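K.L.:
Here is a sequence together with a model predicted from it:
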Number of protein chains: 2
Amino acid sequence: MLNFSTSEENYIKAIFHLQQDVGPVTTNEVAHELKTRPASVTDMMKKLKIKKLLHYQPYQGFRLSSEGTKVALGIIRRHRLWEFFLAEKLKFTWDEVHEVAEDLEHVSNKKLIDKLDEFLGFPRVDPHGDPIPDMHGKIEISNKICLSKLPNHTPALVSSVSDHSSEILELLEHKKISLGSKLEIKRRFEFDNSLEIRMGRQPAFTISQQLAETIFVTSLLPLIQISEGKRNK
Amino acid sequence: MLNFSTSEENYIKAIFHLQQDVGPVTTNEVAHELKTRPASVTDMMKKLKIKKLLHYQPYQGFRLSSEGTKVALGIIRRHRLWEFFLAEKLKFTWDEVHEVAEDLEHVSNKKLIDKLDEFLGFPRVDPHGDPIPDMHGKIEISNKICLSKLPNHTPALVSSVSDHSSEILELLEHKKISLGSKLEIKRRFEFDNSLEIRMGRQPAFTISQQLAETIFVTSLLPLIQISEGKRNK
DNA sequence: AAATAAATTTAGACAAATCTAAAATATTCC
DNA sequence: GGAATATTTTAGATTTGTCTAAATTTATTT
Ligand SMILES: [Mn+2]
Ligand SMILES: [Mn+2]
Ligand SMILES: [Mn+2]
Ligand SMILES: [Mn+2]
C-alpha cells in the first residue's frame, strides 16, 4: 500500500467518519470538519479521485472507494491503538488522548503498529469504547444503541461515549459511569427527557437528555428491532 | 517554546550532530547528511537564522545558538526515548529502531514525552548506548573513548556503538559483545591494527580495526589523558 | 418558471520546501 | 600572485497545500 501525506490522511479519515451517516459526503461538511475552506476540499477531492481513493463527480459529493476505506481503517487503527496506549500505559486521562493520537496516527510503519497492538494485548476498543480495526482492517460492527433509545427495564452495558471532552468525563466520573457499567432505565420523564437509571444495587439516579444522547450501550437482552426506515440508495 | 516543522527539526538535529566535530558546520556537510542539495541548505539556514536558532554569516558555516541547542536536545530526547521504547517494549532489534524513531521524534507533545520517559523508568541511554537528555535538556557528558584508543591491559565497559546497522549487530551478537560487557585489550597487532580482546574468563579473541573503531568504552581505571591538541578558535 | 439563495468549483495568489543552473566567493595549487 | 578548482549563494521553477474572490451549478422560494 502506498503512503499518504498527513493532509491526505486527515481528509480520508474525515470522509470515513462523515459517511457513516447516509448519503454522500459534501464539500461543506468536510471543510467544517477539518476547519478548512470549501475550495481546499475540492482541490483535495480531485487529487484523491486521481489516486482512486474516492468516488467523486463535481457537485455530487463523494464517498470513499474500497481502497480509500482500507486506508481509512488503517489510520483509525493507528489512532485508536495510540489512544489505548496513552490511556493504559501512560495514564493519560480520557479527554487528553485524542489530541496526541491525532499526531501519532500519521506515523505509518506497519511493523510498529502491529507490534504495538501485540504489546497492548490486542485491545478490542479504544478508551472511548470505539472498536479498533485489526491488522487486516477488520472492524467489529457492534449493535450499540443510544442510551436514549434503550427501552425501560432492559439491562445493558455501557459500551461507548460519543463525546470525548473533559466536561463529560467529569460528569461520568461523578456518576461513576464507565465503559462496561451495567445499567437499566427505570423511568423516563417527558418534561425534559431525563432518565432515571439504576446501576447494580445502588440507589437510582437521574441523567439528563444530553448525557443520555452521548452514551451508547449494548443490550443484554435481544431487542425487538424498532425499524426506523432503511437507508435508500 | 515554539514549534518547528519536521524539516526544520531535521536540519537542527543534523547540525547538532555535525558540530560535535570541531569548527563550524558547512553547507555541503549538511546537504550530504540530509540527502538534500546545498541550495536547499542555504535557504533553510537563512530561515533558522531569522528564528535565532543558529549563528550564520554567508560563506562562514554555522553553529547552533544556545536556543537552537535546546531545541536539538529536545528532538534527540524524543528520538532516543522512542528508540528505547521500541527496543525494550516492542522488541525491535537494534538496527530497526532508528528508522521508526526518525518519524516519532517529530511528535512534540511535552506531556507525551515526559510520561513516556516515566513509563520507561527514566532510561539513561538508548539502545546504542547514547545518552538520553532529561526533561530539562540536560545530557550526560560521558568520558567514552574509542576502543581502538584504550591502552592495553585496562579493563573497560562497552558503553556505546557508533554504527547502528544490522551488519554490526550481527557481528557483535556473534562475538557476544553488548552494552555493558567488560573487556580489556591484551595485545595489538601492527599489521592490520586488529586487537586481541579478553572478556571475563572466556578465551581471548580478535576483533578487526573496523569493529574496534565503532565500539566506545568507559575505562574502569582513571586514564592518563593523552592530549591530542585542543581545538583552536 | 423565474428569481433568489446556497453550495461548489475555478482562477489566481501565496507560503513552505525542494530542485537545477548560473553567479559569486573562497580555497588550493603552481 | 593569479589561475584553476571547490564551495556557497542567488535566481528562477516546481510541488503541495492552503487561501480569497469570482464564476458556476444546484436547491429553494415565490
Ligand atoms: Mn480520537
Ligand atoms: Mn477514541
Ligand atoms: Mn537513532
Ligand atoms: Mn540511538
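P.N.:
Alright, I've got the coordinates. Ligands and ions are numbered 1, 2, ... in the order given.

K.L.:
list the contacts for the residue nearest in space to the middle of chain A?
P.N.:
Centroid-nearest residue in chain A, with CA atoms, centre = their mean: A:D130, separated by 5.1 Å. Residues in contact with A:D130 (CB atoms under 8 Å, 6 or more residues apart in numbering or on different chains) are A:R80, A:S160. Every residue, glycine included, has its C-beta placed from N, CA and C.

K.L.:
and A:I197, how many neighbours does it have?
P.N.:
Counted by other CB atoms under 10 Å in any protein chain shown, the residues lying close to A:I197 total 23.

K.L.:
which residues does it bridge with?
P.N.:
A:I197 has these beta-bridge partners by DSSP bridges: A:I185, A:F205.

K.L.:
check contacts around it.
P.N.:
By CB under 8 Å, 6+ apart, the contact list for A:I197 reads A:L183, A:E184, A:I185, A:K186, A:A204, A:F205, A:T206, A:I207.

K.L.:
And stretch A:66-83, what's buried?
P.N.:
A:68-83 (16 or more other CB atoms under 10 Å in any protein chain shown).

K.L.:
DNA strand D contacts on chain A?
P.N.:
A:5, A:7-8, A:10, A:35-37, A:39-40, A:43-44, A:47, A:59 (CB under 7 Å from any atom of the strand).

K.L.:
Could you export these to TSV, including columns for secondary structure?
P.N.:
Converted to TSV, these look like this (DSSP: H, G, I helix; E, B strand; the rest coil):
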residue	secondary structure
A:S5	coil
A:S7	helix
A:E8	helix
A:N10	helix
A:K35	coil
A:T36	coil
A:R37	coil
A:A39	helix
A:S40	helix
A:D43	helix
A:M44	helix
A:K47	helix
A:Y59	coil
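
K.L.:
Same list, those, but only the ones touching chain B.
P.N.:
Applying CB under 8 Å from any CB of the partner chain to the residues of chain A next to DNA strand D, one finds that nothing falls near chain B.

K.L.:
Looking at the residues you listed, which is nearest ligand 2?
P.N.:
Nearest to ligand 2 out of the residues of chain A next to DNA strand D is A:N10 (CB to the ion; 15.7 Å).

K.L.:
and that closest one, how many neighbours does it have?
P.N.:
Neighbour tally, A:N10, other CB under 10 Å: 20.

K.L.:
What count of nearby residues applies to the closest residue to it other than its chain neighbours?
P.N.:
Excluding its sequence neighbours, the residue lying closest to A:N10 (CB to CB, 6 or more residues apart in numbering or on different chains) is A:L34, at 6.0 Å. Using other CB under 10 Å, A:L34 has 17 other residues around it.

K.L.:
How about the one 4 residues further on?
P.N.:
Here the number of neighbours of A:P38 (other CB under 10 Å) works out to 14.

K.L.:
Would you mind measuring from it to A:E99?
P.N.:
For A:P38, the distance to A:E99 equals 25 Å [CB to CB, to the nearest Å].
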